[in-house]
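>>> Test case, fold it:
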Amino acid sequence: MSHTNKNPWPCFLLLCLLALSFFGGCSRASDWVQFRGEGGRGVSRARISPPLGVRWKIKLQLGENERIQSLNPPVVMGDTVYFGSEDGNFYALDVESGYMRWVFKSGAEINSIPYADSSQVYFGSKDGKAYALSRGDGHEVWSFQTESQINSQVERYRDHVIFVSDADAIYFLSPEGKEEFRIDNPGWFHFTYLMADDVMYFATGPRVELIGPYDIKKREFLWFVPYREIAASWYSFPAVRGDLVYFSTASGYNGMQLSFYAFDRRTGKRVWEQHREGVWNSWEWDEDLIWELFLRNEELLDFMAPTIWKDLVIYTGGDIMARAFDAKTGALRWEKAFGMPVSSAPTVAGGRVYFGLLGDDYTPPKLVCVSARDGRLLWQMETEGAILSAPVIAGKRIIFGTDKSVFYVLEEVF
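Numbering: from 1, shown residues only. Here you go, the predicted model:
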């Protein structure tokens, strides 16, 4: 027996809701509004497949040091891409055409990663100010002066605007730019953090050797990373999934020492760890050159940042290797060697991992794509300059800057 509904409105409303759900999902997949993407895991909801072609690219003006420090990635919201550069400018470009919507001049170089919400975009500058600009026309809504450079990401989390000032403090401002509270930063530079479930991974403690998860509601530390046991020069941006927090460390001595960790994020218990000496193979660099590479990598806020994909945690950067560990046990699942150092952290979309290779006088830098499942090389493209931070994947586009002052937007080639 069948039943015919003579009132068409319920069916019409259902179709409208399905359409809104579909287009809303597409919109979310096209935005990349914060450092390392949604949840800080370096994974895009978009499904993008090589081969990729250049939609557009532009050569940015040079700063005082004759190169753009396009070290850290942009953010994308709607039809606009936002980023700062070493020339002190903060740019808003049309993602379709590269047309400059507006530009804002700060008081110094910009190494901070911005954050975008529905009405404003936030970033920090080496002039010590955090800025909130109108997304529409780039006018300054407010600025907040600190005592040192701001080289961290700036993030709007709930009703806080959060950023780190080098060897000064972690600041929590109201959305109107008024200070609410701060956490002392006694000596960390280029410090990054991840917000998850009202906990900051990681905050700086009362002494320079103390960092740990900080509950911003209770305003107390949950535990501290065992600094003396790890004793590294660099601590990466972390990633969180389930009960675990993942991060890596590096030291530039003796050919670079790399370590990878998973901690229980509630108790601080070390669940697994892996240690590797930097692998260089035929890359004929001496220790001085490796040390120079390490010092440059320390300027990258996402240097050695983990990407979590399914049951894997994936790392690139540091040496010539890409590595994937079992997220629960730490067992090595695959590793892939390249003929030159990996120059950026990874981003995953559609089961594919994208990152940069450095290049040298004889071999050009590249954007490469490998399988997230087993590390097989799937595709590569030469770039004008090295990609120093993880590419941003927004919808059907991959977006990044290089150390030759070139800003790229790629798209699928059909």
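
>>> Now Val54. Nearest residue, chain neighbours left out?
Among residues not flanking Val54 along the chain, Leu410 sits closest, at 5.9 Å (Cβ to Cβ, 6 or more residues apart in numbering). Yep, even glycine has a C-beta here, placed from its N, CA and C like the rest.

>>> For Ile320, see how far away the one you found is.
To Ile320, Leu410 is 24 Å away according to Cβ to Cβ, to the nearest Å.

>>> of these two, who's got more company?
Leu410 (25 against 20; other Cβ atoms under 10 Å).

>>> which ones are touching the closest residue to Phe221 other than its chain neighbours?
Nearest residue to Phe221 in three dimensions, chain neighbours excluded: Gly212, at 4.8 Å (Cβ to Cβ, 6+ apart). By Cβ atoms under 8 Å, 6 or more residues apart in numbering, the contact list for Gly212 reads 202-203, 205, 221-225, 268.

>>> Specify the beta-bridge partners of the residue nearest to Val54.
Beta-bridge pairing for Leu410 (DSSP bridges): Val54, Ile398.

>>> which residues sit in contact with Ile150?
112, 124-126, 128-130, 163-166.

>>> next one: Val225
Val225 makes contacts with 202, 211-212, 235, 263, 268, as judged by Cβ under 8 Å, 6+ apart.

>>> For it, give its distance to Glu155.
Note on Val225: its distance to Glu155, by Cβ to Cβ, is 21 Å.

>>> Asp215 too?
From Asp215 over to Glu155 (counting by Cβ to Cβ), the distance is 17 Å.

>>> Name the residue in the two with the higher neighbour count.
For Asp215 versus Glu155, the count of surrounding residues by other Cβ under 10 Å is larger for Glu155: 20 against 14.

>>> which regions of the stretch 51-200 of the chain sit below the pLDDT cut-off?
By pLDDT under 70, the weakly predicted segments of the stretch 51-200 of the chain are 61-71.

>>> Please repeat the previous calculation with a cut-off of 50.
Along the stretch 51-200 of the chain, the model assigns pLDDT under 50 to residues 64-69.

>>> ok, what's across the strand from the residue nearest to Phe221?
Assigned bridge partners for Gly212, using DSSP bridges, are Ala203.

>>> Please apply the same query to Phe325.
In beta-bridge terms (that is, DSSP bridges), Phe325 pairs with Val313, Leu332.

>>> Please name the residues that touch it.
When contacts are counted by Cβ under 8 Å, 6+ apart, Phe325 is found next to 260, 272, 274, 312-313, 315, 331-333.

>>> Dump these to TSV, plus distance to Gln380, pLDDT and neighbour count.
Formatted as TSV, those follow (distance: Cβ to Cβ, whole Å; pLDDT from 0 to 100; neighbours: other Cβ atoms under 10 Å):
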residue	distance to Gln380	pLDDT	neighbour count
Phe260	25	97	22
Trp272	32	98	17
Gln274	27	96	16
Leu312	21	97	19
Val313	23	97	26
Tyr315	19	97	26
Ala331	28	98	11
Leu332	24	98	13
Arg333	22	98	18
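
>>> want to throw those residues into a markdown table with distance to Asp197?
A markdown table is the format used below for the contacts of Phe325 (distance: Cβ to Cβ, whole Å):
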| residue | distance to Asp197 |
| --- | --- |
| Phe260 | 23 |
| Trp272 | 22 |
| Gln274 | 26 |
| Leu312 | 23 |
| Val313 | 19 |
| Tyr315 | 24 |
| Ala331 | 27 |
| Leu332 | 29 |
| Arg333 | 27 |
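
>>> what's the neighbour count on the nearest residue to Trp272 once chain neighbours are set aside?
In this structure, Trp272 finds its nearest non-sequential neighbour in Gly330, 3.1 Å apart by Cβ to Cβ, 6+ apart. Using other Cβ under 10 Å, the number of residues around Gly330 comes to 17.

>>> pLDDT wise, what is Gly330 at?
For Gly330, the model assigns a pLDDT of 97.

>>> Just to be sure, it is in a strand?
No: according to DSSP: H, G, I helix; E, B strand; the rest coil, the state of Gly330 is coil, so it is not within a strand.

>>> tell me the contacts of it?
260, 262, 271-274.

>>> If we only consider the residues you listed, which is nearest to Ala231?
When the contacts of Gly330 are compared for distance to Ala231 (Cβ to Cβ), Glu273 wins out at 13.1 Å.

>>> so the closest one touches Thr249, yeah?
No: counting by Cβ atoms under 8 Å, Glu273 does not reach Thr249; the two are 9.8 Å apart.

>>> Compare those two (neighbour count), which wins?
In terms of neighbours (other Cβ under 10 Å), Thr249 is the more surrounded of Glu273 and Thr249; the figures are 20 against 15.

>>> Need the residues that contact stretch 41-48.
Residues from elsewhere that reach stretch 41-48 (Cβ under 8 Å, 6+ apart): 25, 28-30, 32, 36-38, 239, 241, 302, 305-309, 345-350, 352, 390, 393-398, 412.

>>> ChimeraX command to pick out the buried ones of those residues?
A single ChimeraX command selects the buried members of the contacts of stretch 41-48 (16 or more other Cβ atoms under 10 Å):
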select :29,30,32,36,37,239,241,302,305,306,307,308,309,345,346,347,348,349,352,390,393,394,395,396,397,398,412
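
>>> Many thanks, I have nothing further to ask.
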